[in-house]
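My questions are about this predicted structure, shown below with the sequence.
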Amino acid sequence: MKLERDDDELIYDADVRAAMKEFTGGGDTSAFEAAAAVRTAFQAVERMRSHGSEGRGLSSGAMDILLRLSSAGDDGASIGELAQAAGVSPRNVTGLVDTLERDGLARRVPDRNDRRSVRALITPEGRSWIEAFRKPSQLAMAAIFRGFTPAELATLRHLCLRLAANQEQLAEHLKGMSAE
């Protein structure tokens, strides 16, 4: 990464800018640079997040599902609910729940309202895992977001979720076009 500042004192990656200028044939690179910056930031956050789980043996996907189960209530969550919340396929969540179940951090139980379905519940061992993970996670996030104001963090969250919402709308639009 070759970070520099533009005329407005905003940080940009000079190598990415040069590559995107070439890619666009000298056109506007702002969206491409923003996408590259989001990817770089995501990778940095994931490296910090996984550092906190070192030695605990869970992927970031499994951690995400375990954290979702920790707030799912006494009835847990269905595979479909977890998949929708995490933005991944039910098949992916099934594999992640398999991993959590194998490690004793979650278990499957019959759905009280639908005999054909099962729900995933966090176990006491899963809650203990989260408790042990809490402090390293807090330290990692404090380090990576050092110097950010609460307003900057809220703006960053807002912009990232706008990107995700735009992607979902585009996917729905494309899905509708292919059905025609």
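All right, it came through fine.

And the contacts of stretch 40-48?
The contact list for stretch 40-48 (CB atoms under 8 Å, 6 or more residues apart in numbering) reads Met1, Asp13, Ser60, Ala140, Met141, Ala143, Ile144. The way it works is simple: take the backbone N, C-alpha and C, and place the C-beta from them, glycine included.

What's the mean pLDDT across stretch 76-89?
Per-residue pLDDT over stretch 76-89 has a mean of 88.

Looking at the chain, which helix is longest?
Looking across the chain with DSSP state H, the single longest helix is helix 150-179.

which parts of that helix are buried?
Neighbour-count burial for helix 150-179, with 16 or more other CB atoms under 10 Å as criterion, is recorded at no position.

Now it: average pLDDT?
The average pLDDT for helix 150-179 rounds to 88.

about what we covered before: buried ones among the contacts of stretch 40-48?
For those, buried by 16+ other CB under 10 Å: Asp13, Ala140.

The contacts of stretch 40-48 in strands, which ones?
Among the contacts of stretch 40-48, the ones falling in strands (DSSP state E) are Asp13.

Make JSON lines from the contacts of stretch 40-48 and add pLDDT and distance to Ala106 to it.
Shown next, in JSON lines, are those (pLDDT from 0 to 100; distance: CB to CB, whole Å):
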{"residue": "Met1", "pLDDT": "84", "distance to Ala106": "38"}
{"residue": "Asp13", "pLDDT": "91", "distance to Ala106": "40"}
{"residue": "Ser60", "pLDDT": "79", "distance to Ala106": "16"}
{"residue": "Ala140", "pLDDT": "84", "distance to Ala106": "23"}
{"residue": "Met141", "pLDDT": "86", "distance to Ala106": "24"}
{"residue": "Ala143", "pLDDT": "88", "distance to Ala106": "29"}
{"residue": "Ile144", "pLDDT": "89", "distance to Ala106": "28"}
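
Please identify which of the contacts of stretch 40-48 is nearest to Leu105.
Ser60 (14.6 Å; CB to CB).

Surely the closest one and Leu67 touch.
No - in this structure Ser60 lies outside contact range of Leu67 using CB atoms under 8 Å: 10.3 Å.

Need the overlap of contacts for those two.
What both Ser60 and Leu67 touch, as defined by CB under 8 Å, 6+ apart, is an empty set.

returning to that earlier point: can you name every helix or strand that the longest helix of the chain contacts?
Helix 150-179 sits against no helix or strand, with contacts defined as 3 or more CB pairs under 8 Å, 6 or more residues apart in numbering; DSSP states H and E.

so how far is that helix from its chain's centroid?
13 Å (CA atoms, centre = their mean, to the nearest Å).

Then stretch 131-151?
Counting by CA atoms, centre = their mean, stretch 131-151 comes out at 16 Å from the chain centroid.
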